[in-house]
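[1] everything below, folded, please.
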Amino acid sequence: AWPAQPAARGTMPGLRGLRGEVVRVHAPEVKLHRPVRLLHPRYPIYIAPKPNDLYVIGATELESEDDSPMSVRSALELLSAAYSLHPAFGEARVLELNVQRRPTRPDHLPAIRVDQHARVVRLNGLYRHGFLIAPAVTEAACQVVRALLSGDPAAHAVPAALRWPGMIGPALETVAGAPVLH
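    The predicted structure follows:
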């Protein structure tokens with residue numbers, strides 16, 4: 001998670017920091033090999049396995065830009081949810097409680113913004129799904145950059161395979177039914 005930088009806020013309308021808290025634990029009795037998402041109505045967490053029996057458990061999503069240390073409630077919610085997923089987390093050793101702000105937009109969807117005058121392509125707003133959707137959003141950004149570098153006006157069409165309508169904008173125009181970047 002990265003803090004939403006003040007400079008980025010001016011370039012993407014509605015971008016704000018969302019407080020996210022994570023716990024890092026050492027749990028040699030747990031043997032997860034892939035990230036796991038627990039879609040619980042109250043505790044929507046993920047557990048990401050790391051080398052050497054380390055696990056990252058996250059993340060809260062609090063509408064706050066407060067950078068103070070993690071609350072007891074947040075720690076209990078994250079650790080209780082991990083324990084409910086795998087009882088061996090009950091014997092894990094807590095190594096770190098961390099608080100950061102991650103950038104998000106009002107719709108919680110990623111955005112790509114192009115400023116051709118500054119020759120800058122900005123990608124932001126991955127919300128709490130960054131590690132899951134980053135590859136797809138990065139590929140979309142690469143397609144945009146390739147189109148801009150090609151010099152062919154017809155190549156500036158927004159990739160049709162974009163997963164989230166409206167991810168690229170707002171400087172778009174439609175030519176022959178296809179959005180075009182400016």
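[2] how does this protein divide up, domain by domain?
    Here the domain parsing of the chain from automatic domain parsing is 6-104, 111-181.
[3] report the beta-bridge partner residues of the nearest residue to residue 44 once chain neighbours are set aside.
    Closest residue to residue 44 apart from its sequence neighbours, by CB to CB, 6 or more residues apart in numbering: residue 38 at 6.8 Å. Every residue, glycine included, has its C-beta placed from N, CA and C. With DSSP bridges as the criterion, residue 38 is bridged to residue 45.
[4] helix, strand or coil for the nearest residue to residue 124 once chain neighbours are set aside?
    Take residue 124 and drop its neighbours on the chain: the residue closest to it by CB to CB, 6+ apart is residue 103, 5.1 Å away. Classification of residue 103 using DSSP: H, G, I helix; E, B strand; the rest coil returns strand.
[5] could you do residue 134 as well?
    Secondary structure, three-state DSSP: residue 134 is helix.
[6] one more: residue 145?
    Secondary structure for residue 145, judged by three-state DSSP, is helix.
[7] distance check, it against residue 105.
    Distance of residue 145 to residue 105, given as CB to CB, to the nearest Å: 21 Å.
[8] higher neighbour count, these two?
    More crowded of residue 145 and residue 105, by other CB atoms under 10 Å: residue 105, with 19 against 13.
[9] picking up where we left off before, among the domains of the chain, which gets the worst mean confidence?
    Mean pLDDT is lowest for domain 111-181 out of the domains of the chain, coming in at a mean of 65.
[10] ok, now which ones touch residue 62?
    By CB atoms under 8 Å, 6 or more residues apart in numbering, the residues touching residue 62 are 18, 19, 20, 21, 74.
[11] and the strand or helix carrying the second one, what's buried?
    In other words, residue 19. In this structure, residue 19 sits in strand 16-26 according to DSSP states H and E. By neighbour count on 16 or more other CB atoms under 10 Å, the buried set for strand 16-26 is 16, 17, 18, 19, 20, 21, 22, 23, 24, 25.
[12] am I right that residue 33 is in a helix?
    No: counting by three-state DSSP, residue 33 falls outside a helix, being coil.
[13] excluding residues flanking it in the chain, which one is nearest residue 88?
    Distances taken as CB to CB, 6+ apart put residue 29 closest to residue 88, at 3.8 Å, once the chain neighbours are dropped.
[14] from residue 86, how far off is the one you found?
    For residue 29 relative to residue 86 (CB to CB), the value is 9 Å.
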